[in-house]
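Trainee: Show me how the following folds:
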Amino acid sequence: MAKTKRARALPLPPDRQALLTALRNEKMAVSAHAFVRGNTMRFYEWLDGIEGHALPDGPPVWICGDCHTGNLGPVADAQGKVEIAIRDLDQTVIGNPAHDIIRLALSLATAARGSDLPGAITVRLMEAVADGYESSFDPAASEPDPKRNKPEMVRLVMKEATRRSWRHLAAERIEDLKPAIPLGKRFWPISSAEKEEIDALFGKHSVASLATSLRGGGDESAVTVLDAAYWVKGCSSLGRLRFAVLLDIDGGVIDGDDLCLIDVKEAVKAAAPRYSSESMPRDQAERVIEGARHLTPALGHRMRAARLNDRAVFIRELLPQDMKLTIDELSPRDATEVARFLARVVGKAHARQMNEANRRAWLGVLRGRSSKTLDAPSWLWKSVLPLISSHETAYLEHCRRFALS
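Mentor: This next block holds a predicted model:
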């Protein structure tokens with residue numbers, strides 16, 4: 001395991017949980033948008049508690065379950081092709097697609113509020129979300145030109161993603177090109193028992209083959225663990241097992257082509273409601289991977305399920321092109337363009353799982369329940385409006401408690 005001068009001051013495994021809880025509270029206090037991103041469970045509790053409000057029952061499909069803006073972004077497939085897609089599937093279940101749309105719309109509305117945009121823009125956001133999502137199910141809708149019909153901020157992140165290499169990934173994730181993970185703010189020490197379990201995990205053919213498969217095959221027995229550390233990453237997932245593992249693919253340790261960075265993340269029961277009549281894998285990691293294969297095949301086929309420390313974990317190699325679409329500030333024009341584009345991304349992920357009859361029926365439900373004063377389904381507006389209020393109140397209360405503590 002890599003050593004640094006700061007290693008002695010870093011948290012040891014027994015001290016992690018309390019520090020991670022404090023760090024999560026700190027992250028969620030940064031902004032109302034960050035609070036929304038980190039509060040999946042309360043989102044569903046508040047949505048379920050809206051009086052006199054019922055959602056349409058959409059066709060049973062795999063949904064993201066936590067479809068906020070930060071969980072979409074550039075994703076690369078095994079051939080290096082990059083597209084904007086759902087990139088975080090921890091909460092995926094077979095459920096109501098309406099939940100993904102509401103979660104996305106709330107996230108965008110909160111970002112708009114954080115950007116000090118007028119309320120009228122939030123109204124237009126809801127219409128743009130509805131329009132982009134519905135267009136994914138309408139065979140008469142023209143397919144946008146992928147080179148011209150991306151919002152400016154999306155074009156910029158896509159341009160950056162396609163130009164990235166291992167050196168960019170190393171500089172961003174591990175801050176060094178040397179074959180070691182430097183301990184510090186983002187990476188904490190692991191115990192000798194954890195290191196032994198990680199070594200044993202990547203000694204398995206099924207897991208080691210994940211790294212070699214993205215390079216056209218190879219000798220899994222040559223894959224070795226160079227270094228591993230606890231990864232302090234995310235917000236809602238802080239506190240779960242999360243490890244960064246640096247692998248050498250062929251024993252040469254020559255350059256980035258021979259190294260890969262692996263993300264090992266604990267899978268826990270999803271907070272997102274599922275359709276009880278539908279069958280899903282019982283193993284939580286298998287559930288995540290199955291959802292990923294339906295929603296974002298390019299990502300799902302780059303993942304493996306395993307057990308680590310007697311917990312379900314899912315494993316994926318981080319590619320240089322995988323990036324987070326950060327939306328912290330929106331202009332009036334960006335807001336509607338980004339909302340329409342991202343809603344279409346989510347719609348396409350849902351639509352590919354439906355047959356023609358279900359797509360047509362779901363489109364009819366979406367368009368048949370529009371408000372007379374809003375060019376979007378009334379249930380979308382009646383969901384997002386009280387959710388904005390609930391999250392804003394809870395966010396301020398969270399900040400009060402955090403400041404006092």
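Trainee: quick one, what contacts residue 133?
Mentor: When contacts are counted by C-beta atoms under 8 Å, 6 or more residues apart in numbering, residue 133 touches 101, 343-344, 346-347, 366. C-beta here means a position set from N, CA and C on the backbone, and glycine is covered the same way.
Trainee: Which members of these are classed as buried?
Mentor: Buried residues within these, counting neighbours by 16 or more other C-beta atoms under 10 Å: 101, 343-344, 346-347, 366.
Trainee: Export stretch 285-295 to CSV, keeping only CA atoms.
Mentor: What follows is stretch 285-295, C-alpha atoms only, in CSV (Å, rounded to 0.1, in the frame of the first residue of the first chain):
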residue,chain,number,x,y,z
ALA,A,285,-24.8,-6.2,-6.9
GLU,A,286,-26.4,-8.4,-9.5
ARG,A,287,-29.4,-6.1,-9.4
VAL,A,288,-27.2,-3.1,-10.1
ILE,A,289,-25.5,-4.8,-13.0
GLU,A,290,-28.8,-6.1,-14.5
GLY,A,291,-30.3,-2.6,-14.4
ALA,A,292,-27.1,-1.1,-15.9
ARG,A,293,-27.3,-3.6,-18.8
HIS,A,294,-30.8,-2.5,-19.6
LEU,A,295,-30.4,1.3,-19.1
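Trainee: Can you tell me which of the buried ones among the contacts of residue 133 lies closest to residue 305?
Mentor: Among the buried ones among the contacts of residue 133, residue 346 lies closest to residue 305 (C-beta to C-beta), at 24.4 Å.
Trainee: before we move on, which element is that closest one in?
Mentor: helix 332-351 (DSSP states H and E).
Trainee: what helices or strands is that helix leaning on?
Mentor: Helices and strands touching helix 332-351, as assessed by 3 or more C-beta pairs under 8 Å, 6 or more residues apart in numbering; DSSP states H and E, comprise strand 72-76, strand 82-86, helix 97-114, helix 119-135, helix 152-163.
Trainee: For the stretch 301-405 of the chain, which segments count as helices?
Mentor: Under the criterion DSSP state H, counting those that start in this stretch, helices of the stretch 301-405 of the chain are mapped to 332-351, 356-368, 378-404.
Trainee: right, and those - which one's nearest residue 284?
Mentor: helix 332-351 (20.6 Å).
Trainee: Can you give me the buried ones in that closest one?
Mentor: Per 16+ other C-beta under 10 Å, helix 332-351 contains these buried residues: 334-351.
Trainee: Cool, thanks, talk later.
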